[in-house]
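**Student:** sequence and predicted structure, then a few things I'm wondering about:
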Amino acid sequence: LIPEPHDQINGKIPPGIPIAASSSLLDLKRVEDTCFVTWWIPGRLVGYRTPIHVHPRPQEVCVVSGDVMTMVEGREDEIHHAGECFLMPQMTKMINIAIGTEETKEGETG
């Protein structure tokens, strides 16, 4: 499902070391015909990132600790800090990379 080129976002190979993260289901709610799922992602060490991926539906990400740089196809790179939440679009190539000086922890709702 990831559009080609599979190893690039916005024409460049993302920095960092790709590593998949484990996640734990925190909550599951259904509102009318929409299902909302909340995941806890324990985090990544500085310099590590998600593999290039897409989400089947929009995902809200909240940074619990550390700093995250997001690269999303068709958008400028953004930096998010602990305490901030942001929306990741559906079916769009993206990565999150832990930057700064401390491990990054994230929560996702989608």
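**Tutor:** Great, that's in hand. Given the structure is predicted, the values throughout are model-derived calculations rather than measurements.

**Student:** which residues does the residue nearest the centre of the chain form a beta bridge with?
**Tutor:** Geometric centre of the chain, nearest residue: residue 96, 4.7 Å, by CA atoms, centre = their mean. Note on residue 96: beta-bridge partners residue 70, judged by DSSP bridges.

**Student:** helix, strand or coil for residue 46?
**Tutor:** Taken by DSSP: H, G, I helix; E, B strand; the rest coil, the conformation at residue 46 corresponds to coil.

**Student:** and for it, the neighbour number?
**Tutor:** 15 (other CB atoms under 10 Å). In this view, the C-beta of every residue, glycine as well, is placed from N, C-alpha and C.

**Student:** not counting sequence-adjacent ones, nearest residue to it?
**Tutor:** Among residues not flanking residue 46 along the chain, residue 98 sits closest, at 5.0 Å (CB to CB, 6 or more residues apart in numbering).

**Student:** what is the host helix or strand of the one you found packed up against?
**Tutor:** Here residue 98 sits within strand 94-99, counting by DSSP states H and E. In terms of contacts (3 or more CB pairs under 8 Å, 6 or more residues apart in numbering; DSSP states H and E), strand 94-99 is packed against strand 34-44, strand 48-49, strand 67-72, strand 104-109.

**Student:** which residues are contacting the shortest one?
**Tutor:** Taking CB atoms under 8 Å, 6 or more residues apart in numbering as the criterion, the residues outside strand 48-49 that touch it are 14, 15, 16, 17, 18, 19, 95, 96, 97, 98.
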